[in-house]
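Colleague: Here's my sequence, what's the structure:
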Amino acid sequence: MAEALITTILTLLNVLLPSIDGNSSAVTAVITELETLVPTIVSGFASLLTPLQNIITLLQQNSAVTEAQVTQLQAYEAQIDAAFEAAAATTGTATAATAPPTN
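Modeller: Down below sits the predicted model:
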């Protein structure tokens, strides 16, 4: 149930974010909600990391994002990257950073 709810929220954000370009209060509200969602998704819903990353990318492209918000979004990206790496290590999947060179 929780994963379905979070998926719905991420889908709505993905659809709505392009329409709030330039709206600083809406951007701030979304980033505020991400403060709760990011740790939850990173700790338990690996399948939602890519949709979460897409939302962060959309936010970074928004003309209303401040430098402080960009820094905050970059910190979220670092958490997501770490979660991807941990999932890859758990499943034994090689990532670009850990894959052996192909010669």
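Colleague: From now on I want contacts and neighbour counts done on CA atoms only, so please keep to that.
Modeller: OK.
Colleague: what about Ile55, neighbour count?
Modeller: For Ile55, the neighbour count with other Cα atoms under 10 Å is 22.
Colleague: what helix or strand is it on?
Modeller: In the assignment (DSSP states H and E), Ile55 maps to helix 49-60.
Colleague: which strands and helices sit next to the helix or strand following that helix?
Modeller: As assigned by DSSP H and E, the chain's next helix or strand after helix 49-60 is helix 67-91. If you count contacts as 3 or more Cα pairs under 8 Å, 6 or more residues apart in numbering; DSSP states H and E, helix 67-91 packs onto helix 24-44, helix 49-60.
Colleague: mean confidence for the longest one?
Modeller: By that I understand helix 24-44. Taken as a whole, helix 24-44 has a mean pLDDT of 92.
Colleague: Now do the residue nearest to Tyr76 when sequence neighbours are not counted against Ala46, distance only.
Modeller: Nearest non-adjacent residue to Tyr76, counting by Cα to Cα, 6 or more residues apart in numbering: Val38, 6.9 Å away. Val38 sits 11 Å away from Ala46 when distances are taken as Cα to Cα, to the nearest Å.
Colleague: same question, Ile80
Modeller: 9 Å.
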